[in-house]
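Engineer: I'd like to go over a predicted model; first the sequence, then the structure.
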Amino acid sequence: MNSTYLLDTHTLIWYFTGSARLKKKAREVIDDCRNRGGKLLIPTIVLSEALDIAEKGKAEFDFAKMYKLIQTEAEFEIIGFSPEIFVTKDQIIRESGKVEVL
């Protein structure tokens, strides 16, 4: 069974920049999803925050290249930022058992 994971802004950026700040388990999970199947959910607000960080030079990475990869790989899924997502806390998501937050 393929798993579903929700990526936050730091996880997304640290993964694509190869940062040592990303936990080994998170990197392995993302790599496993990309290589063996699974879903990596990326809320639109995460993309917005990543773009802001790139534009302000707070992290050195090519946002356009990352975004293109996210759009072309089937394992990545961009999800809308709805009011339900806004009021949902990571703890609630984790406790649901449906999605693991990295």
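Structural biologist: Great, that's in hand.
Engineer: and Arg27, what does it touch?
Structural biologist: By C-beta atoms under 8 Å, 6 or more residues apart in numbering, the residues touching Arg27 are Tyr15. All C-beta atoms are positioned from the backbone trio N, CA, C, and that covers glycine.
Engineer: per-residue pLDDT, it?
Structural biologist: For Arg27, the model assigns a pLDDT of 96.
Engineer: wait, a helix at it?
Structural biologist: Yes - under DSSP: H, G, I helix; E, B strand; the rest coil, Arg27 sits within a helix.
Engineer: all helices for this structure, in order.
Structural biologist: Using DSSP state H, the helices found in the chain span residues 9-17, 24-36, 44-55, 63-72, 83-87, 90-96.
Engineer: ok, now how distant is Asp8 from Leu40?
Structural biologist: Asp8 sits 12 Å away from Leu40, going by C-beta to C-beta, to the nearest Å.
Engineer: ok, these two, which is more surrounded?
Structural biologist: More crowded of Asp8 and Leu40, by other C-beta atoms under 10 Å: Leu40, with 22 against 17.
Engineer: the more buried one contacts Tyr5, correct?
Structural biologist: Yes - if you go by C-beta atoms under 8 Å, Leu40 and Tyr5 touch, sitting 5.6 Å apart.
Engineer: quick one, what contacts the spatially closest residue to Phe63 that is not a sequence neighbour?
Structural biologist: In this structure, Phe63 finds its nearest non-sequential neighbour in Ala54, 4.0 Å apart by C-beta to C-beta, 6 or more residues apart in numbering. Ala54 sits next to 61-63 when contact means C-beta under 8 Å, 6+ apart.
Engineer: nearest to Thr44, of the residues you listed?
Structural biologist: Phe63 (13.9 Å; C-beta to C-beta).
Engineer: next, count neighbours for that closest one.
Structural biologist: Phe63 has 17 neighbours, counted by other C-beta under 10 Å.
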